[in-house]
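Trainee: have a look at this prediction, sequence included:
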Amino acid sequence: MKWGLFGGTFDPIHIGHLRCASETLEIFDLNRIIFVPAARPPHKPNAAITPFHHREQMIRLAIGGNPDFSFSDVENRREKTSYSVDTVEFLLDKHRLEKPDLYFILGQDAFHAIRTWKDWERLLLMCHFAVMTRPGYTNRGLDEILTPEFASRFKYDEGIRGFRGPTGHTIFFREVTFLDIASSNIRKRAKERKSINYLVPDAVRHYIVKNSLYRE
């Protein structure tokens, strides 16, 4: 089985997230994509983040009816900070009988900051990485992103168009349709009572209005 893990704050989830997930599913022929919202993201320790239950409901509404998409609250079950390495380790252990091939999905900006993540070297050896890139992005290797010593452990494989590591897991860079939509802009528009039509699914838009989210 090939599963994609798509993490983030999803505050709120929007059309860009869904489109990227859909294309990544097709590119890597995944069996499903699991949306894993962060409960206490380490890179936003002081940010005002919408309570988890609201973000969970918006994700469930957004992916409802799509059998290829599922939801996990694994990071909300932990009382501590949400670290990706702990989430991947937990899922691999929980599903050790199924032995899923995990693809960690993230954007190119997040991957360029990977060295700020907890146990990032171990994480890169635990699963595949599917880095979603914008049109025109050119990857010149891993040396400028990872440390040169660690990057040297990954060899480019022309057959799969990816950097295969010593554990057999690969770092892929794949261009996806880039929809320049930001959750921060959606929150700003909602706060100012401006339209968020076509930025989020209708069910999510109705939920935001019904619960007066992002309004002071």
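Mentor: Arrived safely.
Trainee: this protein: helices as residue ranges?
Mentor: 15-27, 52-63, 74-77, 84-94, 108-112, 120-124, 148-151, 183-191, 202-210 (DSSP state H).
Trainee: out of these, which is closest to residue 137?
Mentor: Residue 137 lies closest, by C-beta to C-beta, to one member of those: helix 108-112, at 6.0 Å. For the C-beta atoms, the positions are set from N, CA and C on the backbone; glycine is no exception.
Trainee: please name every helix or strand in contact with the closest one.
Mentor: strand 128-133 (3 or more C-beta pairs under 8 Å, 6 or more residues apart in numbering; DSSP states H and E).
Trainee: next, the angle helix 15-27 makes with the strand it packs on.
Mentor: Computed with axes from the mean of the first three to the mean of the last three C-alpha atoms, to 10 degrees, the direction of strand 128-133 lies at 130 degrees from that of helix 15-27.
Trainee: ok so, going back, could you dump the helices of the chain into a markdown table and include mean neighbour count and distance to residue 1?
Mentor: Compiled in a markdown table, these are given as follows (neighbours: other C-beta atoms under 10 Å; distance: least, C-beta to C-beta, whole Å):
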| stretch | mean neighbour count | distance to residue 1 |
| --- | --- | --- |
| helix 15-27 | 18 | 13 |
| helix 52-63 | 19 | 19 |
| helix 74-77 | 17 | 17 |
| helix 84-94 | 17 | 12 |
| helix 108-112 | 15 | 24 |
| helix 120-124 | 18 | 20 |
| helix 148-151 | 13 | 28 |
| helix 183-191 | 16 | 30 |
| helix 202-210 | 16 | 28 |
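Trainee: between these, which one is closest to residue 165.
Mentor: helix 120-124 (6.7 Å).
Trainee: what does the closest one contact?
Mentor: Contacts with helix 120-124, where a contact means C-beta atoms under 8 Å, 6 or more residues apart in numbering, come from 84, 85, 88, 104, 114, 117, 146, 150, 165, 169, 171.
Trainee: how close does residue 121 get to residue 147?
Mentor: Applying C-beta to C-beta, to the nearest Å, the value for residue 121 to residue 147 is 8 Å.
Trainee: kindly report the same for residue 122.
Mentor: 14 Å.
Trainee: out of the helices of the chain, which gets nearest to residue 159?
Mentor: Of all the helices of the chain, helix 15-27 comes closest under C-beta to C-beta, at 15.5 Å.
Trainee: just how off-centre is that closest one within its chain?
Mentor: Relative to its chain's centre, helix 15-27 lies at 10 Å (C-alpha atoms, centre = their mean, to the nearest Å).
Trainee: ok, what's across the strand from residue 200?
Mentor: Following DSSP bridges, residue 200 is listed with bridge partners residue 197.
Trainee: go on, residue 2?
Mentor: With DSSP bridges as the rule, residue 2 is bridged to residue 101.
Trainee: dump the residue contacts of it.
Mentor: Listed by C-beta under 8 Å, 6+ apart, the contact partners of residue 2 are 28, 29, 30, 31, 100, 101, 103.
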